[in-house]
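*Asks:* below is the structure, and that's it, no one-letter string:
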Ligand SMILES: NC(=O)c1ccc[n+]([C@@H]2O[C@H](COP(=O)([O-])OP(=O)(O)OC[C@H]3O[C@@H](n4cnc5c(N)ncnc54)[C@H](OP(=O)(O)O)[C@@H]3O)[C@@H](O)[C@H]2O)c1
């Protein structure tokens, strides 16, 4: 097997770390990156190349991409994995939080793609894997900012898949359901930052906190998700869209097949908004 050069973002935990370990185990050259390089020490011990990279910082992207191209002359697979869920009522999220959410989940991945496409094009092949979410297919209350970033990432991936096809570059969109990672605890930290006691949704504090953790209820094991994902990404002709994990079929199904008013009603009941309306 010819080892592939693979760049992965957001490898301090969860899907990024797990993909790094799996791809390294089967002999590929993995460049694992994270905001804090110390969180990659366990990967470095396994001879994975580790670098500091915050996807919301242009200079970090330039530095790491240049370094890999200088060393390897190519990047075969880019996995845009880094991301987090910003949870809170849309009208109460500060602008800079929304901006940072888009910088991390959408514009960072896009900058990486723009940097890497020229080298993939000159090699006549490459695979770009964008980790989206079922949240980009079915919006739930108090996660509008996160859902918007993932819906936008899906659309950009769709366009790129067609636009890059003539150059031999394949684009894969992964739309996970709930996978057991640190995603819920990272999302809960955003609620702690944003949610204030004088919120117009103060009575729904419990529901908003529950939204941050919801992906982790009955979540699919990270190991089984990673095994299947690695297998699909490495296929000669990888699938265009990969949907796996808890609720990855049922939630989009509800959104596409129920009338919007009924879908909204179910979600408003689930997240306490119907109760709030009755009390006002
Ligand atoms: N787990 C799920 O149920 C689920 C479902 C659908 C989609 N996803 C998506 O899967 C991807 C991976 O998430 P996960 O579930 O593995 O959660 P996770 O364990 O929280 O991992 C997220 C990773 O993204 C990193 N990250 C956040 N902001 C970053 C930035 N500005 N620059 C570089 N890295 C950054 C985190 O690093 P720090 O440690 O520095 O914060 C962490 O390494 C995300 O895009 C997420 O939206 C997850």
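*Replies:* That came in fine, so what should we check first? This is a predicted model, so every value here is computed, not measured. Numbers count the residues shown, from 1 in each chain.
*Asks:* buried residues in stretch 262-280?
*Replies:* 263, 267, 271-273, 276 (16 or more other CB atoms under 10 Å). (Each C-beta comes from the backbone N, C-alpha and C, glycine too.)
*Asks:* correct me if wrong: residue 168 contacts residue 128.
*Replies:* No - using CB atoms under 8 Å as the test, residue 168 is too far from residue 128 to be in contact (11.8 Å).
*Asks:* neighbour count winner among the two?
*Replies:* Neighbours per residue, other CB atoms under 10 Å: of residue 168 and residue 128, the larger number sits with residue 128, 24 against 13.
*Asks:* hmm, back to that, any shared contact partners between residue 168 and residue 128?
*Replies:* By the contact definition CB atoms under 8 Å, 6 or more residues apart in numbering, residue 168 and residue 128 are jointly contacted by residue 120.
*Asks:* the nearest residue to residue 94 once chain neighbours are set aside: neighbour count?
*Replies:* Beyond its immediate neighbours in the sequence, the residue positioned closest to residue 94 (CB to CB, 6 or more residues apart in numbering) is residue 194, lying 7.3 Å away. Using other CB under 10 Å, residue 194 has 19 other residues around it.
*Asks:* return the residues in contact with residue 194.
*Replies:* Residues touching residue 194, when contacts are defined by CB under 8 Å, 6+ apart, comprise 86-88, 92-94, 97.
*Asks:* which of these has the most neighbours?
*Replies:* That'd be residue 87 among those, by other CB under 10 Å, with 30 neighbours.
*Asks:* for the ligand, see how far away it is.
*Replies:* In this structure, residue 87 lies at 12 Å from the ligand, with CB to the nearest ligand atom, to the nearest Å as the measure.
*Asks:* can you give me the separation between residue 251 and the ligand?
*Replies:* When distance is defined by CB to the nearest ligand atom, residue 251 is 11 Å away from the ligand.
*Asks:* so where does that residue fall, helix or strand?
*Replies:* With elements delineated by DSSP states H and E, residue 251 resides in helix 250-257, which encompasses its position.
*Asks:* contacts for that helix next, please.
*Replies:* Applying CB under 8 Å, 6+ apart, the set of residues contacting helix 250-257 is 134, 137-139, 175, 177, 243, 263, 266.
*Asks:* if we go to 6 Å?
*Replies:* With CB atoms under 6 Å, 6 or more residues apart in numbering as the contact definition, helix 250-257 has outside contacts at 134, 137-138, 263.
*Asks:* same question, stretch 173-180
*Replies:* 130-132, 134, 154, 157, 215, 219-222, 225, 241-243, 245-248.
*Asks:* okay, now residue 36: neighbour count?
*Replies:* What residue 36 shows, counting by other CB under 10 Å, is a neighbour count of 9.
*Asks:* tell me how far it lies from residue 10.
*Replies:* For residue 36, the distance to residue 10 equals 11 Å [CB to CB, to the nearest Å].
*Asks:* quick one, what contacts the residue in the stretch 51-200 of the chain positioned nearest to the ligand?
*Replies:* In the stretch 51-200 of the chain, the residue that lies nearest the ligand is residue 83 (2.5 Å; CB to the nearest ligand atom). When contacts are counted by CB under 6 Å, 6+ apart, residue 83 is found next to residue 105.
*Asks:* tell me the SS of it?
*Replies:* Of the three states, residue 83 takes coil according to DSSP: H, G, I helix; E, B strand; the rest coil.
*Asks:* all helices in this protein, in order from the N-terminus.
*Replies:* With DSSP state H, the ranges of helices along the chain come out as 14-25, 41-44, 58-72, 95-102, 108-123, 144-164, 183-194, 205-213, 222-233, 250-257, 260-270, 273-279.
*Asks:* hey, least reliable of those by pLDDT?
*Replies:* Set side by side, the helices of the chain show their lowest mean pLDDT on helix 273-279, which sits at a mean of 81.
*Asks:* picking that back up, list the buried residues in the helix holding residue 251.
*Replies:* 251-252, 255.
*Asks:* give me the distance between the nearest residue to residue 56 once chain neighbours are set aside and residue 247.
*Replies:* Excluding its sequence neighbours, the residue lying closest to residue 56 (CB to CB, 6+ apart) is residue 103, at 4.0 Å. Distance check for residue 103 against residue 247: by CB to CB, it reads 27 Å.
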